[in-house]
Structure formats: structure tokens, C-alpha cells
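>>> fold the stuff below for me.
(2 chains)
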Protein chains: 2
Amino acid sequence: MDKIQDYVKLVESSLEEQNFDLQPVELYQPMAYILSLGGKRLRPALSLAACELFGGKAEHALMPALGIEVFHNFSLVHDDIMDEADLRRGQATVHKKWNRDIAILSGDAMLVKAYQYIAQVDAQILPSVLACFSQTALEICEGQQRDMNFESRPEVSEAEYLEMIREKTAVLLGAALKIGALCGGASEASADSLYHFGINAGLAFQIQDDLLDAFGDPKKVGKKAGGDILQDKKTLLRIYSRELDSKACDTLMETSFINEESKVEAWCELITLSGAKAKAEAKRDHFLKEALDSLEAAHGENQALKVELGQFATWLSQRDR
Amino acid sequence: MDKIQDYVKLVESSLEEQNFDLQPVELYQPMAYILSLGGKRLRPALSLAACELFGGKAEHALMPALGIEVFHNFSLVHDDIMDEADLRRGQATVHKKWNRDIAILSGDAMLVKAYQYIAQVDAQILPSVLACFSQTALEICEGQQRDMNFESRPEVSEAEYLEMIREKTAVLLGAALKIGALCGGASEASADSLYHFGINAGLAFQIQDDLLDAFGDPKKVGKKAGGDILQDKKTLLRIYSRELDSKACDTLMETSFINEESKVEAWCELITLSGAKAKAEAKRDHFLKEALDSLEAAHGENQALKVELGQFATWLSQRDR
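Numbers count the residues shown, from 1 in each chain, chains lettered A, B, ... in the order given. Predicted coordinates:
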């Protein structure tokens, strides 16, 4: 995936060139800070890839790609307030390093900045690009609200869970690809195919994320296994376990464990033996296949890049870290 | 100002037709709620007036006008969190009625909704409309941050104060007018003249607001006189008092008053005797004159409406309530 690595580098260097040395500093320093904490820059890289897939130059999609990344970081700043998270990528979150009000307001300003970047496209595609971006931004808010609502609910259905991760995670991948495609000169139909590629790859990515949280190698994943289990999060694994063996689920819910390890172990055993793990893997693979079909349907002219995007989606849903 | 009252009614009835009966309810009910609390709807009414000033039909500016109003209400929801305000227009604020997280997230979603409304203009003016709106939104964030910064500063200069109220209050009036004008077919130059009309009228409006806070008739203004004085807010009256009689200011700052009334009375006396009141009135009238000059420079074809807009700006800066 050499090209995608090149796009990541282009995004990184362009981000570094952006000027956040503006007044009042309380508004702009947090933007520079959160953007400097790194992250994989996958979304903007996908915008550039989508642009070149249709024969455009990556530079044509660069400003909206940065807009996607600024938007993503805005959502992190506000989500971290809601989650009362102290750390983001190993560093203090904005509301911890400064305060709540600065995190709210600089987040708001980042959302506006994101629109300013997004708007830097040819006038003829601006209405489409803007409609896609706003719809996506609204769905991400909806997904975050649904996710918060799940915490206080006893049960969540598969359909509700999938809709939540579609909104919270997948749509921004879809939008990054669609907007990039439009910048590259794709037809609406091809841009939509790429959007669906992103949606399905995003769903597969998130299910793999849930699987890694329970079954991944902590050394590779970079965090303790079983975080979702310990928080009793209603992931797809939990939903399927209940579907396939509700009695065993109830028993585990009522059990007092002597320590965290034994709770994680017991749940992992149930998830495996009930068939929930296999079912989640099958669902993940189903979305990967849907993603690859949608990619095929897009009429991009750069075949090598199409192959690379397919490999990338496959990696997203099969990664071990 | 009959026409402007008609525009207010059109805005009200259009707002009532908007559908916020959407899922998840935690995201959309707060939007319906804050928009239902009323407010003067001056900004969207100005958009419609500006549109018809240039021969457009008010309906052409209706969606962006609603976008301006939704944006204004978004800023109230987030400002109320920062100010820890319990009441807005006599009713519970969103973060009090629901909670902080819902206020943050539904506010974010309102900002996105505002963009969705704003984007509903002819494609040929979309880039201009969008650039004006984003620049305005960013300046309003800057103004809010500057205002918060003033609280912990011992002194604020006249220029800093005017820049803060320009950003926090005036630019949204300017943008409402400019965007309406563009929807009505105005040239960029005429739309800019109307923008400057709005900026200057907004500055005059805010200075009158400061004067009313200290000297207004509480029965008419609808709140106790001297709120700014009691909070030691760095309004133009305080800044001019310091400029004109810093010794008397220092004395009052060090005085312990037996009650709130005597503090308000002492400061009002200083503001009047030092000449600060007269200086603020002169500044207000200067901005009103600038506003009327800018209005004159705009080439609107509807002369009756131009007269009405001038009367409206005059009312804004001379109102007693």
C-alpha cells in the first residue's frame, strides 16, 4: 500500500503548513495541539486516493481532505469532554490541558474551520461536496448520541448496533472517499459507489475493532484486552452472545468475578463457544465483500490504485493491531 | 417598520414548519426547544429585508435566513454551558433541562443544520454565501473567547472592546444582511455595503445595550438595572470612565458598598459626571451614522424598504427597551 503511505505523508506535511498561530490563542492553540498528536490520517489519505483513482491530482482533494481530518479531530475534542477522558493518544485531552469551555469553543471553531477547508473545491462540485459533508457530520452526531443512549439501555439489537457504528465510524470513511472522488472528476454514481465502499469497509473495520478488543494480542493492539467486556459495552459480540445463548449471558451478568482477568476470560469463552465470535467474523467478512463489490462498481481509471484500495479495506478488516 | 414585522412573522411560521421530530430524540428535541423559546428573530428578518431591497422575493432568502437563526441559537446553547446560565428567555437552558453532554452534542448538530439551511441558495452565489457565513461563525467564536478572556484581565482598551463586540454581536447582523442581499441578486459591492451597515448598526446596538444596562428603565428593559456594574464587566462605560477619571474609578473599585443599589448608584454617577456616558452616546451615534452612510451606498432598488432599514437601525441604537 505504497501510494496510500505517500498520501498520508502529503497530508502530514500539509497539516504542518497550516497556520494556527492566530488570536485569540486560547481558541487556536488547542486546534494545533490536537492535530499535532498524530493519528493514522487514514480518512484524508483515502480522499486523496479516491481523487487519483478517477484521474485527478491528489492536490485537488487536499483542502477537503484536511477538512475531513479537522472535522475528525473536532469530534474527538467534544467526545473527550462527554467521555470525561483524560488522555488522547497518550497525551492530555484538550479539556484537561486547558478547560471545558476552551474545549467546547475551540471544538466549535474547528467544525467551522473544517467547513472552510471543505469549501475549497471547484464551484461546480461544491453543492454535492457540501451536502455529503453536512449529512455525514449530522449522522456522526446522531451516532454519538445513540452510543451514549446505549449505555443506559439493558439491550441493543444487532440492527441498532450496526446503525450506530455506521453513523459513528463508517460514514466519515464513506464521505472522505466520496468527496475525494468528486474532486477527482468522478460521476455522482461512481462517487456513490466509493461511498458505499467506505461505509462497508468502515463497518468491517469497526467489527474487527470489537474482535481485537476481546481477542487481540495486547502487545500488538496497544491496550489491555477486554476493555469493552469490563465496561459491559453492547458490542456486536455481546449482542450475538445474548442472541445465541441468553441464559449463559444472564448467568455471567450476575456473576461476581474475583478479578478483571477472570471476567474477561469467562466472557471470551462464552463469545467463542456460543458461536458469537464466528458470527461476528462472518458479518465482518460480509461487509468486506460488500465493500469490494462497491469498489468494483466504481469506474475509476487507475487500476493499480483500485487494487491498493481493495487491499487497504482487506487490511482494515483483518488487521491484528 | 411594517415590512420588517411581516418578515418576522414569515420567519416564525417557517420555523414552526421545520421538522425536528427526528431520532435520536435527545439530539433533536433540544433544537426544537431552544428555537421555540422565541427571541426577536431580527437577524433572519434582516436577511429577508436585504433580499427584497434588491428586488428578490423574501422566499429566496428564507432557508439561509433560518440558517442564521439556527446558528444564533446554537451559539446560545453553547454559551449557556460556558456561562453556567440556568435560564434563557425565562426558561431552563438546554444543559439544565437535559444535561451538559446533550447540550454540547445537540449544539454541534445545530451548527451543522445551520450549514444545511445556508447551503440552500443558488449554486452561483453558494461560494460567496458560504465564505461569508464561515468567516462570521469563526469570528463569533473568537469574540466569545475574547469576552471570556476579558473577565480575568485588569484592563481592556476601547479598541479591544470594540473588536470583541464587533465579533460577538455585529458580524452576525452583517452576515444576515449580506447573505440576504446576495440571495436578492445584489452585486458583491452592494452586499458588502449592506454588511457594513449591519456591522455599524450592530456596534451601535451593543453600545445602547450597555447604556440601557446601566441607565435603562428596569420596567421597560425587563431586568434589574446595573447588572454589568455589579459584575464589574469591562463595558465601554467602564473603559471610558477609567480613561476620563482613573482616580475616581480606583476609589470605587476599592469601596465596600452597603448594598447593590448603592454600588450601582455610585458607578452611574461616575459614568455620568466623568463624561463617559456622553462619550459612549457619541460613539453609538457615530456608528449609527456610519451605518446609515453604508446603507446609502448600497444600490437597492426598493426605496421604501431602504428607508425602513434606516429607521430600524436608528431604533436599534435609540431603543429604551
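
>>> just the helices in the stretch 151-300 of chain A please.
A:158-165, A:171-183, A:188-215, A:218-221, A:227-230, A:236-244, A:246-254, A:260-273, A:276-297 (DSSP state H, counting those that start in this stretch).

>>> tell me the first helix or strand C-terminal of the last one.
Next along the chain after helix A:276-297, taking DSSP states H and E as the criterion, comes helix A:303-318.

>>> now do that next one against helix A:188-215, angle only.
Counting by axes from the mean of the first three to the mean of the last three CA atoms, to 10 degrees, helix A:303-318 lies at 30 degrees to helix A:188-215.

>>> from the chain's centroid, how far away is helix A:303-318?
Counting by CA atoms, centre = their mean, to the nearest Å, helix A:303-318 is centred 17 Å from the centre of its parent chain.

>>> would you mark the buried spots in it?
Using 16 or more other CB atoms under 10 Å in any protein chain shown as the test for burial, helix A:303-318 gives A:Leu305, A:Lys306, A:Glu308, A:Leu309, A:Gly310, A:Phe312, A:Ala313, A:Leu316, A:Ser317. (C-beta placed from N, C-alpha, C; glycine too.)

>>> shouldn't the fourth one be in contact with A:Leu48?
No. A:Leu309 is not in contact with A:Leu48 according to CB atoms under 8 Å; the separation is 11.3 Å.

>>> residue contacts, A:Phe20?
A:Tyr28, A:Gln29, A:Met31, A:Ala32, A:Leu35 (CB atoms under 8 Å, 6 or more residues apart in numbering or on different chains).

>>> and for A:Leu244, the neighbour number?
17 (other CB atoms under 10 Å in any protein chain shown).

>>> so which of the helices of the stretch 151-300 of chain A comes closest to B:Ala181?
helix A:171-183 (29.6 Å; CB to CB).

>>> name the helices or strands packed onto the closest one?
Other elements packing on helix A:171-183 under the criterion 3 or more CB pairs under 8 Å, 6 or more residues apart in numbering or on different chains; DSSP states H and E are helix A:42-53, helix A:62-83, helix A:126-151, helix A:188-215.

>>> and the ones you listed as TSV, adding distance to chain B?
Shown next, in TSV, are the helices and strands packed on helix A:171-183 (distance: least, CB to the nearest CB, whole Å):
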stretch	distance to chain B
helix A:42-53	17
helix A:62-83	4
helix A:126-151	4
helix A:188-215	15
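
>>> which of the ones you listed sits most buried?
Comparing the helices and strands packed on helix A:171-183 by mean neighbour count (mean count of other CB atoms under 10 Å in any protein chain shown), helix A:42-53 comes out on top with a mean of 28.

>>> starting at the chain centroid, how far to that helix?
15 Å.

>>> okay, now A:Gln116: neighbour count?
So A:Gln116, with other CB under 10 Å, has 18 neighbours.

>>> ok, now A:Glu59?
By other CB under 10 Å, the residues close to A:Glu59 number 14.

>>> roughly how far does it sit from chain B?
According to CB to the nearest CB, to the nearest Å, A:Glu59 stands 19 Å off from chain B.

>>> regarding that residue, what is its secondary structure?
helix (DSSP: H, G, I helix; E, B strand; the rest coil).

>>> closest one to B:Val129 among the helices of the stretch 151-300 of chain A?
Across those (criterion: CB to CB), the nearest stretch is helix A:171-183, sitting at 19.6 Å.

>>> ok, for A:Leu292, nearest residue in space, not its chain neighbours?
A:Gly310 (5.5 Å; CB to CB, 6 or more residues apart in numbering or on different chains).

>>> just A:Ala266 next, same as before
A:Ala266 sits nearest to A:Leu252 (CB to CB, 6+ apart), 5.9 Å away.

>>> per-residue pLDDT of that neighbour, please?
With respect to pLDDT, A:Leu252 has a value of 95.

>>> next one, pLDDT for A:Met1 please.
pLDDT, A:Met1: 65.

>>> which other residues reach the lowest-mean-pLDDT helix or strand in chain A?
When each helix and strand of chain A is scored by mean pLDDT, DSSP states H and E, helix A:218-221 comes last, with a mean of 87. Helix A:218-221 is contacted by residues A:Leu212, A:Asp213, A:Lys224, A:Ala225, A:Asp320, A:Arg321 when judged by CB under 8 Å, 6+ apart.
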